[in-house]
Structure formats: C-alpha cells, structure tokens
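Chemist: fold the following and give me the result.
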Amino acid sequence: NTSTVQALAQLLQPTDDPELRALLFHDDATVTRTAASVFAARGDRGLALLRETSVDAALPAANRSVVDDVIWTGNARPKHPR
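Modeler: You can find the predicted model right below:
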C-alpha cells in the first residue's frame, strides 16, 4: 500500500484536506487506512489534522482504530535532526 500512499500524497495538495477527510469517512477500511497514511506522510501538519479528524463524531467507530494506529505510528517515527 506504500505506492498508493505515495501516489495520493503527490496528487493531493495541502488545500485538499477536505477530500482527505472525506476519504477517512469512507466505508472501505483500505481507503480509510490509505487516507490516514497520507495524513501521516505530511508530517506534523498531517498528524495534527488527523488528530483533529479522529475526534469527529461522524467518524465511524471502525475507522477510529485505523486512524489511531496511523497516529501512533506517525508519532513513533524518529525525527530527523535539523
């Protein structure tokens, strides 16, 4: 699924967050996981948006664990020294 995430990350612009949010609410778990991964791939900004989306009452319960997993993975990534 890495190539799918990379393709989405390249196609979507930072202003496309509403589209990513819509994908996070998708019924298909694979779509949800991919969208969540794209948020995480955007670094701190993506993770902040993902955290914001994860508390939305409209997010299906089945998607919450996927989003939580991606947030946890994103937080666990080693930070590159600046």
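
Chemist: C-alpha from now on. contacts and neighbour counts both.
Modeler: Will do.

Chemist: can you pull the contacts of the most centrally placed residue in the chain?
Modeler: Using CA atoms, centre = their mean, the residue of the chain that lies closest to the mean C-alpha position is Ala36, 2.0 Å off. Residues counted as contacts of Ala36 (CA atoms under 8 Å, 6 or more residues apart in numbering) are 24, 50, 66-67, 70.

Chemist: where exactly do the helices run in this structure?
Modeler: 2-11, 17-24, 29-41, 44-54, 61-76 (DSSP state H).

Chemist: gap between the shortest one and the chain center?
Modeler: Going back to what we said before, that points to helix 17-24. 9 Å (CA atoms, centre = their mean, to the nearest Å).

Chemist: who does that helix touch, helix- and strand-wise?
Modeler: helix 29-41 (3 or more CA pairs under 8 Å, 6 or more residues apart in numbering; DSSP states H and E).

Chemist: can you list the buried residues in the helix it packs on?
Modeler: 32-41 (16 or more other CA atoms under 10 Å).

Chemist: how far away is Thr15 from Ala7?
Modeler: 16 Å (CA to CA, to the nearest Å).

Chemist: so between these two, which is more surrounded?
Modeler: Under the criterion of other CA atoms under 10 Å, the comparison of Thr15 against Ala7 puts Ala7 first, with 12 against 8.

Chemist: tell me the most buried of the helices of the chain?
Modeler: helix 29-41 (a mean of 23; mean count of other CA atoms under 10 Å).

Chemist: extract the CA atoms of it and return them as CSV.
Modeler: Extracted in CSV, the C-alpha atoms of helix 29-41 (Å, rounded to 0.1, in the frame of the first residue of the first chain):
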residue,chain,number,x,y,z
ALA,A,29,-11.2,0.1,5.5
THR,A,30,-8.4,0.1,2.9
VAL,A,31,-9.5,3.5,1.7
THR,A,32,-9.6,4.8,5.2
ARG,A,33,-6.1,3.4,6.1
THR,A,34,-4.6,4.8,2.9
ALA,A,35,-6.1,8.3,3.6
ALA,A,36,-4.9,8.2,7.2
SER,A,37,-1.4,7.2,6.0
VAL,A,38,-1.4,10.2,3.6
PHE,A,39,-2.2,12.5,6.5
ALA,A,40,0.7,10.9,8.5
ALA,A,41,3.0,11.2,5.5
